[in-house]
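A predicted structure for the sequence below; I have some questions about it.
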Amino acid sequence: MKLKFWIAIFITSLLFLSCEENDVKSINLKNAIFKAEGNNPSWKLEIDSNNGIHFYSNSKLGKIITPSSKNIEIMDVAATSYHAETESATIKVEIFRKQCINSKNHSETKYEVRIQAKKNDDLDFISFIGCGEYIVESNFSGD
């Protein structure tokens, strides 16, 4: 009986470890104005036309969805910042107009994305870095 239990645990562990990090939920918002993704851990982000943030990651954060966020232009470094808090999480997104090479597929984008997020009961933020593109050019894209 004990042997069957340990074999089951071993097989489950192997299945869990073999899961790809890029299995983050695909986001396809109809009103998305910006999309980004990154690795280690795998994550995806979309910002909608109401500045709502949709963030999914393979980290302990899972998903963070906000209906809207505060949008601030950072003139000194050609960047845009979004900040939002919900009942359960806080997320800060910075979009820099800077060439970015995606480490997973080696594609090039015009924007580097830095995200800091945490569940509200956590003390520390988790940082994410990746690349992104505006879907529709807007006043916030820095063009």
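Yep, it's here.

all helices for the protein, in order.
Using DSSP state H, the helices assigned to the chain run over residues 2-18.

tell me what the nearest residue to E133 once chain neighbours are set aside is bridged to.
Nearest in space to E133, with sequence neighbours left out and distances taken as CB to CB, 6 or more residues apart in numbering, is T109 at 4.9 Å. C-betas here are computed from N, CA, C, even on glycine. Taking DSSP bridges as the rule, T109 bridges to C100.

quick one: T109 from G62, how far?
Applying CB to CB, to the nearest Å, the value for T109 to G62 is 25 Å.

these two: who's more crowded?
Shown here are T109 and G62; by other CB atoms under 10 Å, T109 has more neighbours (19 against 13).

pretty sure that one contacts R97?
No: with contact defined as CB atoms under 8 Å, T109 does not count as touching R97 (10.5 Å).

so where's this protein uncertain?
1-29, 136-143 (pLDDT under 70).

let's see it at 90
1-32, 39-41, 49-50, 67-78, 102-107, 135-143 (pLDDT under 90).

run through the strands of it in chain order.
32-38, 43-48, 53-57, 63-66, 70-74, 79-85, 89-101, 108-119, 126-134 (DSSP state E).

so which of those strands is the most surrounded?
strand 43-48 (a mean of 24; mean count of other CB atoms under 10 Å).

and the contacts of it?
24-27, 29, 31-37, 53-59, 69, 82, 93, 113, 115, 128, 130, 132 (CB atoms under 8 Å, 6 or more residues apart in numbering).

could you list the paired strands of it along with their orientation?
strand 32-38 (antiparallel), strand 53-57 (antiparallel).

distance to N102 added to those strands, as JSON lines?
Compiled in JSON lines, these are given as follows (distance: least, CB to CB, whole Å):
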{"stretch": "strand 32-38", "distance to N102": "7"}
{"stretch": "strand 53-57", "distance to N102": "16"}
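
out of these, flag the one nearest D121.
Shortest distance between D121 and those, using CB to CB, is found for strand 53-57: 17.2 Å.
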